[in-house]
Every structure is written in C-alpha cells, then in structure tokens.
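# Could you work out the structure for the sequence below:
(one chain, ligands or ions: 2)
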Amino acid sequence: MESFLKEQRGGESVLDLSPRSTVGGGVEDVYCEDRASEDQLVTPWAVSVSSGYNLLRDPHHNKGLAFTEKERDAHYLRGLLPPAVLSQELQEKKLMQNIRQYELPLHKYMAMMELEERNERLFYKLLIDNVEELLPVVYTPTVGEACQKYGSIFRRPQGLYISLKEKGKILEVLRNWPERSIQVIVVTDGERILGLGDLGTQGMGIPVGKLALYTALGGVRPSTCLPITIDVGTNNEQLLNDEFYIGLKQRRATGKEYYDLLEEFMTAVKQNYGEKVLIQFEDFANHNAFELLAKYGTTHLVFNDDIQGTASVVLAGLVASLKLLGGSLSDHTFLFLGAGEAGTGIAELIALEISKQNKAPLEETRKKIWLVDSKGLIVSTRKESLQHFKKPWAHEHEPCKTLLEAVKAIKPTVLIGTSGVGKQFTKDVVEAMAAHNEKPLIMALSNPTSQAECTAEEAYTWTQGRAIFASGSPFDPVEFDGKHFVPGQANNAYIFPGFGFGLVISGAIRVHDDMLLAASEALAGQVTQEHYDKGMIYPPFTNIRKISAHIAANVAAKAYDLGLATRLPRPADLVKYAESCMFTPNYRSYR
Ligand SMILES: O=C([O-])CC(=O)C(=O)O
Ligand SMILES: [Mg+2]
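Ligands and ions are numbered 1, 2, ... in the order given. Okay, the predicted model is just below:
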C-alpha cells in the first residue's frame, strides 16, 4: 500500500533526504551546500512515505482537488477525493472568493492559516499573486490582533516553543523540528509585540507571519524557515490571570536567568544548523534588543528587524523622497518621537549614510538628528540618566517638554514616529510641521494601525495636501481637494525578505551595516517617476519579488565585497542568480 512519491522536476522522492529543487539553476548548490552533515541528522523522527490519505494530510505535498487522474491512481488517492480535477488557478480563484466573503480580518487570517496547514503551495500562490490584498491579512495589522487572541486560535504548532522548562535541553528541542536544513530563524520573546506590548508566548504569530513573508516576498523556501518563540514568562497581568493562556504562567525571568537561556539557544542553533543560519530577532523589548544584537553580532549571523530592518526601509524612503523635496539628506533636519529600537536604529543609519556621502565624522552628522522620548527632547543636560542607546543623541539644547515644543524649536523637515503609542501627531504638531515646511515629510511608523501616530487622512488634511506621508501599517489612498494621494507603507517587510535572501544566497556569515545601506539603495532605486507623480516614496508591493531580487543582489554583492560571503565562486549576475534561486509555489507533478 506504499508508493514512492516522485516529483518530475527534481526527480527525487519524498524519501530522499536532499532538499527538493524548484525551478532554475543554482538552487541545489545553495541548499545542498548548507545541508546539515549526516552526523547532525540524529533525530527522533523517522522518514515517512507520503501516499494515499497521508498525502492529503501532508501540507508540503497536498494538492487537494488538483491531483491529476494519473496521480490519483499512482498514489492511492482514488475515492479519497471527489471526481472533479481542478487546476491550481481555479483553486486559487475559489479560495480568494471564500476569503473575500469573510468580513472580519481575523477570520480571513484564520482561513489563510488553515490553508497553510492544509496546502502550503496554494497558500503561497495566493499570497504571492494577491500580495496587496493579503499582506494586511497575514501580516500587519491583522497579525497583531491574531497575537492578542493567539491562545484561542491556536490549532497546531507552527513553530518551536522554547521555554524555561526546556533549559538544558534546547539542542534536543531543535531536533524535534521535522525539517533539518534551516536557513532562516525568526525568534521573539514576545515582550514588545508591535506597539501592543508584552504578549508572552502569544507573540508566536509574529515569527510565523514574518517567515511567511520571507517565502512569499523574498523567495526563501518554506521548509528552510523556522519560527521560534522563547517563553521566559510574561508581565502581562491579563494573560497571567487567563486560565486559557498558552504560555508559562510566571513573571518574566530577567538578568542572568534570561541571558543564560538565550546563550544556550544561540549556541544550540549554531551547533545544529551551522554558522550560515540567519537568526532574525523580532519584537524584543529595548532593554534586551540592543544587548543581544551587540553580543551576538560578532559571533553569529544575526539581524534585528526592528532596529536594522526598519532603519533600512526608512532610509530608502528618505532617499527616494529627495526626488520630491530636492537637496540631499544632509540638508534635512530630523525629529523622532520615540527613542527605542526603531528610532535610534533609523537615526544611526541616516547619520551613517550622511557621513559616508559627505565624508564627515559620525559625531557631526548625528547633530541634525533629534529624538524625543517620554520625558521630552533628549538634550545633553539629561545625559547621565539616559540609557546607553540614547546618549549619542543628547545634543546641546534647552529642554523641551513636549513634542509640539520640540517641533517649534527644532523646526525639523522630517518627523518620524516610532514610539509605539498612537495618535501622538496631533493636529497642532502636524500644523506646526506644515507651518515651516512647504512639503513636510511625516512618517507614522508605529504598528498596528491603532498605534499609528496619525492617519494618512489626518496628515494630508492638516497640511492641505502638502505632506509626504508614509506609515508602518497600511492606509488606503486618500482623496483630498480633488487630488488622489497614495500613502507609502514604510514597513520593514520591504527589506527583511530580500535582505535575508541575499545573505542566504551568498552564504554570508555576518551582517554588516553597509549591507543595510546597500538594501536601502536597492529599494530606493525601484521607485519610478510614475510613483513619484502620485507622491509615492515606496514602490507598490505588487512588484515585491522583483524588488527583493534587487535587494538580495545588492546585499549579496556587499557580502562578497566585504569578504563575508562563503558561497564561491561569486555569481556573475547576482540579480539573475537571486531570481533563479527563488521558491515558486506552482504545483509540481508527481510521477
Ligand atoms: O511587524 C511589523 O509590521 C513591523 C515591525 O517589525 C514592528 O512593528 O515591530
Ligand atoms: Mg517587529
């Protein structure tokens, strides 16, 4: 009753331990090169044969009604499916119709997650072909609500949960995961989920969502992606008092206990997957994020999306906006509301770019960048009491208690919100920006939509249509005074999928700041005159795979230039190479 499921393109069976191939050259090199060595393959699970009923239950191979007559015969599927044979396109059409019938975004999210668990290729086909429509469903803002309710929508594990209970056993836990060739891990400890705060183990929705984008937007193969949530407890009282909470019911471990667990995790990852696995830190609280990045940045391939990914996407938007504003970056004055990971990360990357452009010392270029935190403008008289990541931004100035005071005193040309607190760009603040700028550039980056510093409509209305606006969560186009405005979505989703893919295809072993600049440059280069004419400073997500290929190529090129790439020889045309390595979700035929 067993059949060996053969795939025509790669010719390998499900039994084959080698990763499956997709279209195009190069894929095998990249993925085979990075295979875990045989002695690392001691795992508690057995290789199983997919056929018949099990095949329909295997999301990696299931095609549902798209199994052909021949496949139904060959793989013991007769009678297990109704007689109709549908094409993947028709299945896609049907599912899109179903999803559009749900009114609540959370129901659409659940339908998509259910599809991913049932038929992975169809899930990715839907997401890739309908990216503008489905991105807000599987990602920001809906993923925020999904995390808040993750306990009640949890069905099956979509990633690994590593809690304090697993201390001392993390390597074994990693080996429980059914895939062994892992290229990208997104890990959170759930302490700062978007702008929603501490959601404990329910933060798992974030690594799951980010990795879905790694595949759909960046082309990383789904089997090589691993979502992980580290559970050291939660300080969220509501969750601690919820009898159905799915995480550890204790207050967060801190200090040595926390860092020891993280150390064991980082060591186990490298031991199990080698040094070329990318570890993306996501939604850690400020007090750990900077330290973890600094600590592991020299020993592991690590990337903090909230510090570095957000910085890279914002820099790209700023560079692109110069086409509309004129001048160069150093002609501008920047004011941030929020001096955490995103705020200081963006500030530092802007300063770095200007210092490279103008061959000026970083300390000088930082001086045109100002940050406001919960206590007001960060100034030198506060230096002693500041956290280390805020200190470089403590310039000489009179104290300003509020954002409005700071806008009036500093007269920024660019206002960027990264505070995680909604509605802080009030009418007064935005009007003050419009009073001294012909075209004020306003970025309301906090997520999800409820935490945005202002809406697109507010930004356009309060500036009489003069603002250039971008936000972290998506906003619909706005009609104002007979004009059509398309707000940009300055979300790190533009960057991390292509950025990570560039690291993977070059076999990079470390992340370098110059790679972030390279990614920004590639993204800004994809904004065309047609976009500028609509006031856009980011290209639409519809072309994201092409954009990601350019970002990946630029990042890989930088990895080679810096001597950080291990995949040799260097491909001659990195854009073509990146495109040829991308996962495509079309069904394969099974012999
Ligand atoms: O997830 C997003 O939409 C962007 C992000 O990293 C965050 O807000 O933490
Ligand atoms: Mg994040």
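
# Report the closest residue of the stretch 151-300 of the chain relative to ligand 2.
Closest to ligand 2 within the stretch 151-300 of the chain is Asp283: 4.5 Å, counting by C-beta to the ion. Any C-beta I mention is one placed from the backbone N, CA and C, and that applies to glycine too.

# What about that residue? Give its phi and psi, please.
Dihedral angles of Asp283 (phi, psi; degrees, to the nearest 10) stand at phi 60, psi 40.

# which residues touch the residue in the stretch 401-550 of the chain positioned nearest to ligand 1?
Residue of the stretch 401-550 of the chain nearest ligand 1, by C-beta to the nearest ligand atom: Asn447 (3.7 Å). Applying C-beta atoms under 8 Å, 6 or more residues apart in numbering to Asn447 gives the contacts 140-141, 144, 194-195, 472-473, 491.

# The stretch 201-350 of the chain: helices as residue ranges?
Along the stretch 201-350 of the chain, counting by DSSP state H, counting those that start in this stretch, helices occupy 205-216, 237-240, 255-273, 286-296, 310-325, 341-358.

# Would you mind finding the most buried of those?
Neighbour counts (mean count of other C-beta atoms under 10 Å) averaged over each of those peak at helix 205-216, with a mean of 27.

# For the helices of the stretch 201-350 of the chain, could you give me CSV that also reports mean pLDDT and distance to Lys390?
Listed next are the helices of the stretch 201-350 of the chain as CSV, based on pLDDT from 0 to 100; distance: least, C-beta to C-beta, whole Å:
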stretch, mean pLDDT, distance to Lys390
helix 205-216, 98, 25
helix 237-240, 98, 28
helix 255-273, 98, 21
helix 286-296, 98, 10
helix 310-325, 97, 16
helix 341-358, 98, 7
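
# Redo those as JSON lines? Include distance to ligand 1.
Output for the helices of the stretch 201-350 of the chain, formatted as JSON lines (distance: least, C-beta to the nearest ligand atom, whole Å):
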{"stretch": "helix 205-216", "distance to ligand 1": "7"}
{"stretch": "helix 237-240", "distance to ligand 1": "19"}
{"stretch": "helix 255-273", "distance to ligand 1": "19"}
{"stretch": "helix 286-296", "distance to ligand 1": "11"}
{"stretch": "helix 310-325", "distance to ligand 1": "6"}
{"stretch": "helix 341-358", "distance to ligand 1": "7"}
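
# Make TSV out of these and add distance to Ser385.
Output for these, formatted as TSV (distance: least, C-beta to C-beta, whole Å):
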stretch	distance to Ser385
helix 205-216	32
helix 237-240	28
helix 255-273	21
helix 286-296	15
helix 310-325	25
helix 341-358	16
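
# ok, for Glu521, nearest residue in space, not its chain neighbours?
Counting by C-beta to C-beta, 6 or more residues apart in numbering, Asn554 is the residue found nearest to Glu521 once chain neighbours are left out, at 6.4 Å.

# meant to ask about Ser471
Excluding the flanking residues, the one nearest Ser471 by C-beta to C-beta, 6+ apart is Ala444, at 4.6 Å.

# just Glu458 next, same as before
Among residues not flanking Glu458 along the chain, Val430 sits closest, at 6.7 Å (C-beta to C-beta, 6+ apart).

# for the record, mean pLDDT for the helix or strand where the one you found lies?
Val430 is part of helix 427-436 when elements are defined by DSSP states H and E. What helix 427-436 shows for mean pLDDT is 98.

# Output it in CSV with nothing but the alpha carbons.
Taking Å, rounded to 0.1, in the frame of the first residue of the first chain, the C-alpha atoms of helix 427-436 are listed here in CSV:
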residue,chain,number,x,y,z
LYS,A,427,-3.4,68.5,14.7
ASP,A,428,-1.1,71.0,16.4
VAL,A,429,2.0,69.0,15.8
VAL,A,430,1.2,68.4,12.1
GLU,A,431,0.2,72.0,11.6
ALA,A,432,3.5,73.1,13.2
MET,A,433,5.3,70.9,10.7
ALA,A,434,3.3,72.5,7.8
ALA,A,435,4.0,76.0,9.1
HIS,A,436,7.7,75.8,8.4
